[in-house]
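A.B. asks: Show me the folded form of this:
(chains A and B)
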There are 2 protein chains.
Amino acid sequence: MRSQNRPGDVRAQLPASAPEQQESYAQILEDVERIIVPGLTHWQSPNFFAYFPANISAASVFGELMSAGFGVQGMLWTTSPACTELETHMLDWMREALGLPEHFDSSGEGGGVIQDSASSATLCAMLAARERTTRGVSNAQGLFGGAPLVAYGTAHAHSSLEKAVRICGVGSEYLRLVEVDAQLAMRPDDLNRRICEDRDAGLRPFFVNAVVGTTSTNAIDPLPEVSRVCAEHGLWLHVDAAMSGIAALCPEFRGIHEGLEGADSYTVNAHKWMLTNFDCNLFWVRSRAALTGALGLLPEYLNNRASASGEVIDYRDWQIPLGRRFRALKLWFVLRRFGLQGLQTMVRDHVALARDFSSWVTDHADFEVSAEAPLNLVCFRHVDGDDFNRRLLETLNDAGQIYLTHTKIDGTMILRMSIGAASTTREHVERAWSIIQSTAAAIQAEGT
Amino acid sequence: MRSQNRPGDVRAQLPASAPEQQESYAQILEDVERIIVPGLTHWQSPNFFAYFPANISAASVFGELMSAGFGVQGMLWTTSPACTELETHMLDWMREALGLPEHFDSSGEGGGVIQDSASSATLCAMLAARERTTRGVSNAQGLFGGAPLVAYGTAHAHSSLEKAVRICGVGSEYLRLVEVDAQLAMRPDDLNRRICEDRDAGLRPFFVNAVVGTTSTNAIDPLPEVSRVCAEHGLWLHVDAAMSGIAALCPEFRGIHEGLEGADSYTVNAHKWMLTNFDCNLFWVRSRAALTGALGLLPEYLNNRASASGEVIDYRDWQIPLGRRFRALKLWFVLRRFGLQGLQTMVRDHVALARDFSSWVTDHADFEVSAEAPLNLVCFRHVDGDDFNRRLLETLNDAGQIYLTHTKIDGTMILRMSIGAASTTREHVERAWSIIQSTAAAIQAEGT
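C.D. replies: Numbers count the residues shown, from 1 in each chain, chains lettered A, B, ... in the order given. Below is the predicted model of the structure:
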């Protein structure tokens, strides 16, 4: 499960220099098996319950293979029109499939794009917001001399939010950590209070990051109220549903997106819980112009008739890098090979397993559920305290039969059971629960 | 060659919504052939002479396939030790193979990482420089209130330089375009003069971007003199050799890197001219600590024993996104399957073809070479002026037998012949030259 390698194990087996002469595939593959495989943590194992799902499928791998074989560059429409157009189309398909607001559709002023990760999507959203608020001044003259810009999110937002405020020159101190309620969701009243305070202090509030399914515990910020606050103050609302948004493929889970009509941008990962290889982050904006206004540049060596005509999308102006792979292909393959019904079935199965696991934990005297489990993540702990839970986690992961990770809530150590591998069935979850119980019992027995 | 699609051709053939039911591979593959392939511009064709090489190989595609199949995440050492360690090792192999300075080796305080693109590498270098110059203040408090930071490069640097100064909050106006000499290379005296002026004006010079092989014309900035200026003023020197640096695999071309001892960071693309699928940018820094100081963050849900021990590299702290694919695998496959000698032969062949092409142009009364051709790119033009050259280019690309792109030097239209596809042989270059001559003659005949 989790690789049992120690630091340096892989490098110790590799020659110091690149070979002068060519080698055979047989030699290379032998080394893959001998050196590489033991150094892998098996994210595709049915017993992987760590971090977040990063599930894949044969259809996606096939799409990735074909994309690699074509070897085209998608930086401009003209450098491979199919690469751009299939991507725009897939983002429209996904908008509809997830029931997202129409203002994200490419038929209007919005549209979607594939990014490498939600981190990059959040950064791009923030840059678009920065340019909108400063009316282009920050791209031209930088942030020097202007009143500080201020961003808002909760302490439970993904770390990429703080990374983005640093990268774009705003700085961690101008990221306000809004208070949360008992469910660890953003308190809109506190958001409003902080924005008013900052505005009164002469600062420039510009960006709110709301989360649908926090990394730690799957908490969901109240979008209807948050978007009202954003609208009142004219702030850019970015919604990060990286891990959990895929649940909206099923109509019965679409409540997680209630209030999304007020969002300026939204992001979710097909590469987490939708059988599509990393990287395949999906990112939509309400205004294409706001995004390309922040990220667009046209050097002469990229100038071409199609771009000049204004009739096409050049995705290089929607992202940080210039070059881009043909990632829409694997998404197309996945959507067609499984159909929406196939993907819905997978999501429903994982959520049902998580709910069962949650009920088993609740029913056990020595364990407790630590946060509501709306979807496929269960946060739980043994009642014997932090040290016990830390030891339990390390013992489980060192044994290598299953793999779990942890988080902290208010300083308390919490175990995370994330259910989403493609091959995980009820048997695997039952077995995991059995291993967790017996390992805990064994540690308790040792201690007495 | 260049896809002859018109805007909307691909989308017009796709259904409006994702399928509810699963479809067969036969249906999907039929659509690939019918809808996608005509919409591709064939970067792997031996007749592709546009933009830059993005050549691939079976070994690389195989590596990409295996990486997709493993489906592991390389964000932390612990999430798949082999992914991190093979990457560090490959960057050390490549440092030695390219003859780069030892201060970039991971055995000391430096080290290398795979980025998606040179754009991202340049941005990461600039962020490290920004943090070093502001002593961490910009990550903490942003750029507000501080004296403006100033970056330097020439007008011939890649557009990603300006994109980076915008993203990181410095702004285009604080990117100084240093004057160039007759070869379009940076003038160190002008660099020094501008730094002194800016410093005297109370600004904070912090970053110099030197280029080995500009995108437009393959010009090479004089690293020995530029690095002396940087050292004198304490500026971060980043060297962008994205397209051309791979030539240094051959000892006889290593002169392009003379003076690199003074660089703080360096980047080159294995995904351009080294048979490795995009994305596989190689990026080295002199100080790992400077980079991770700028980009590192440790949320509790990513905390783990290996990271806490300080014995391992966590590459998430070396890049913008959090997640990462196992890209070192394809690089390993390429290096072993071809051996350094195989790669050197390819580079030598392409350079020799470019030199021959350049001599044919020189010998022709109606054409002229527009810039020195040190490696595999030849900039040339027909003597009949900009309109003629524009028409020549469009006629060539519309016919679809070969594909070239252009640039402008001092406002003059220049054609670019970039030789680097894996399958390009002497015959293809001879045929291209023949087509260019006959097309030009036909346009002249029409005009008379």
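
A.B. asks: Does A:V165 touch A:L175 like I think?
C.D. replies: Yes - in terms of Cβ atoms under 8 Å, A:V165 counts as a neighbour of A:L175; the distance is 4.6 Å. Backbone N, C-alpha and C define where each C-beta goes, glycine included.

A.B. asks: of the two, who's got more company?
C.D. replies: Neighbour totals were compared for A:V165 and A:L175, and A:V165 leads with 27 against 20 (other Cβ atoms under 10 Å in any protein chain shown).

A.B. asks: Can you pull the residues that touch both of A:V165 and A:L175?
C.D. replies: Here A:V165 and A:L175 have A:A151 as joint contacts, going by Cβ atoms under 8 Å, 6 or more residues apart in numbering or on different chains.

A.B. asks: which residue ranges form the helices in the stretch 51-200 of chain A?
C.D. replies: A:58-70, A:81-97, A:118-134, A:137-141, A:159-167, A:188-200 (DSSP state H, counting those that start in this stretch).

A.B. asks: looking at these, which is closest to chain B?
C.D. replies: Nearest to chain B among these is helix A:81-97 (2.8 Å), distances taken as Cβ to the nearest Cβ.

A.B. asks: need the strands for chain A, in chain order.
C.D. replies: Ranges of strands in chain A, per DSSP state E, are A:111-115, A:149-154, A:175-178, A:204-211, A:236-240, A:265-269, A:281-285, A:367-369, A:377-382, A:405-409, A:412-418.

A.B. asks: My guess is A:G146 contacts A:V137. True?
C.D. replies: Yes - counting by Cβ under 8 Å, A:V137 is a contact partner of A:G146 at 6.9 Å.

A.B. asks: Now do the same contact list for the residue in the stretch 151-300 of chain A positioned nearest to chain B.
C.D. replies: When scored by Cβ to the nearest Cβ, the stretch 151-300 of chain A has A:G169 as its residue closest to chain B, at 2.1 Å. The contact partners of A:G169, by Cβ under 8 Å, 6+ apart, come to A:138, A:142-143, B:138, B:142-143, B:168-170.

A.B. asks: give me that answer again for 6 Å
C.D. replies: By Cβ atoms under 6 Å, 6 or more residues apart in numbering or on different chains, the residues touching A:G169 are A:143, B:142-143, B:168-169.

A.B. asks: And the furthest pair within these?
C.D. replies: With Cβ to Cβ as the measure, no two of these lie farther apart than B:G142 and B:C168, at 10.8 Å.

A.B. asks: Report how many residues lie close to A:A12.
C.D. replies: Close neighbours of A:A12, defined as other Cβ under 10 Å, add up to 10.

A.B. asks: no wait, A:A445
C.D. replies: If we define neighbours as other Cβ under 10 Å, then A:A445 has 8 of them.

A.B. asks: any idea how far A:D386 is from A:G411?
C.D. replies: Per Cβ to Cβ, to the nearest Å, A:G411 is found 8 Å from A:D386.

A.B. asks: What of A:F49?
C.D. replies: Separation of A:F49 from A:D386 (Cβ to Cβ): 20 Å.

A.B. asks: A:H103 now?
C.D. replies: Here A:H103 is placed at a distance of 45 Å from A:D386 (Cβ to Cβ).

A.B. asks: And the contacts of stretch A:308-322?
C.D. replies: A:75-77, A:84, A:88, A:113, A:120, A:291-292, A:295-296, A:306-307, B:7, B:116-117, B:119-120.

A.B. asks: Please pick the buried ones from these.
C.D. replies: A:75-77, A:84, A:88, A:113, A:120, A:291-292, A:295, A:306-307, B:7, B:116-117, B:119-120 (16 or more other Cβ atoms under 10 Å in any protein chain shown).

A.B. asks: care to break chain A down by domain?
C.D. replies: By the assignment in automatic domain parsing, chain A contains the domains A:72-325, A:333-447.

A.B. asks: Output these in CSV, with mean pLDDT and distance to B:Q437 appended to each entry.
C.D. replies: Formatted as CSV, those follow (pLDDT from 0 to 100; distance: least, Cβ to Cβ, whole Å):
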stretch, mean pLDDT, distance to B:Q437
domain A:72-325, 96, 24
domain A:333-447, 96, 44
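
A.B. asks: between those domains, which gets nearest to B:C196?
C.D. replies: domain A:72-325 (20.1 Å).

A.B. asks: on that earlier part again, compare the helices of the stretch 51-200 of chain A and report which one is nearest to B:C280.
C.D. replies: Going by Cβ to Cβ, the one of the helices of the stretch 51-200 of chain A nearest B:C280 is helix A:58-70, 11.2 Å.

A.B. asks: what packs against that closest one?
C.D. replies: Contacts defined by 3 or more Cβ pairs under 6 Å, 6 or more residues apart in numbering or on different chains; DSSP states H and E place helix A:58-70 against helix A:328-363, helix B:58-70.

A.B. asks: Can you confirm whether the first one lies near chain B?
C.D. replies: Read that as helix A:328-363. Yes - using Cβ under 6 Å from any Cβ of the partner chain, helix A:328-363 reaches chain B at A:335-342.

A.B. asks: Flag every buried residue along that helix.
C.D. replies: So helix A:328-363, judged by 16+ other Cβ under 10 Å, has buried residues A:328-340, A:342-344, A:346-347, A:349-351, A:353-354, A:356-358, A:360-361.

A.B. asks: elements contacting it?
C.D. replies: Using 3+ Cβ pairs under 6 Å, 6+ apart as the test, helix A:328-363 ends up in contact with helix A:58-70, helix A:81-97, strand A:367-369, strand A:377-382, helix A:426-447.

A.B. asks: excluding its backbone neighbours, what's nearest A:D398?
C.D. replies: A:Q4 (7.4 Å; Cβ to Cβ, 6 or more residues apart in numbering or on different chains).

A.B. asks: go on, A:W284?
C.D. replies: Counting by Cβ to Cβ, 6+ apart, A:F104 is the residue found nearest to A:W284 once chain neighbours are left out, at 3.8 Å.

A.B. asks: That neighbour: neighbouring residues, count only.
C.D. replies: Neighbours of A:F104 (other Cβ under 10 Å): 27.

A.B. asks: show me the contacts for it.
C.D. replies: A:95, A:110, A:284.

A.B. asks: Just put these in TSV and tack on distance to A:R193.
C.D. replies: Below are the contacts of A:F104 laid out as TSV (distance: Cβ to Cβ, whole Å):
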residue	distance to A:R193
A:R95	34
A:G110	31
A:W284	30
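
A.B. asks: Just among those, which is most surrounded?
C.D. replies: Highest count within those by other Cβ under 10 Å belongs to A:W284, 31 neighbours.
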